[in-house]
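# Build me a structure from this.
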Amino acid sequence: MKRFFLLVIAMVFFRPLFAQIIFPDECQIENNQENLYQTLNIDKDHRLDKMLNWHIQNNKRRESIEGYRVEIFFSTNNRQKALDKKIEFVAQYPECDVYVLFISPNFRVRVGDFRTKNEAVKLLKKIEKDYSAAFVVKDNINFPLTAKPIIYE
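Residues are numbered from 1 along each chain as shown. Coordinates of the predicted model:
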């Protein structure tokens, strides 16, 4: 009886060792998956296509998405100071996008278009010695630029 239990336990523990082995038949199946997807016939409700197209059209009309920026300055009713702070920041960090926003009654200078808070915190750490009052804020950001394809010659 002990031998039987040892055999079962050994099979349970050693079986995962062979889980990632690719047999020749599996490789052929992976190569033929594209043909399978092209010939696959999906029976679906026509309203699903209508909803998907509606969603795509709504996303095309959007000019921004939710994200994060770093606010480096705000001032009540003093637009010129905000513009001066923008010029100062661009001179020190030309690689960052800078925005001057008016959110009544304050002018705010915000930097960057970050999808995640971690990305914004990285910039905050980089600029905190020059802008000690800076902080991360949730904001509507511009869509990220699409990456240009890399051409290898």
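
# which non-adjacent residue is nearest the residue positioned nearest the centre of the chain?
The centre of the chain sits closest to Arg115, judged by Cα atoms, centre = their mean, with a distance of 5.0 Å. Counting by Cβ to Cβ, 6 or more residues apart in numbering, Gly67 is the residue found nearest to Arg115 once chain neighbours are left out, at 5.2 Å. The C-beta positions use only the backbone N, C-alpha and C, and glycine is treated the same way.

# Kindly state the beta-bridge partners for that neighbour.
According to DSSP bridges, the partner residues bridging Gly67 are Asp139.

# Neighbours of it, how many?
Neighbourhood size, Gly67 [other Cβ atoms under 10 Å]: 20.

# if I look at it, how far off is Asp113?
Separation of Gly67 from Asp113 (Cβ to Cβ, to the nearest Å) stands at 6 Å.

# shared neighbours, the two?
Ile141 (Cβ atoms under 8 Å, 6 or more residues apart in numbering).

# in which helix or strand would I find Phe89?
Assigned by DSSP states H and E, Phe89 belongs to helix 79-92.

# So what touches that helix?
Contacts for helix 79-92 (Cβ under 8 Å, 6+ apart): 72-75, 96, 98, 100, 102, 107-109, 111, 130-131.

# let's see it at 6 Å
73, 75, 98, 100, 107, 109 (Cβ atoms under 6 Å, 6 or more residues apart in numbering).

# Show me which residues of that helix are buried.
For helix 79-92, the neighbour count (16 or more other Cβ atoms under 10 Å) marks 82, 85-86, 88-89 as buried.

# Now do the strands in this protein.
Assigned by DSSP state E, the strands in the chain fall at 64-76, 98-103, 106-114, 135-142.
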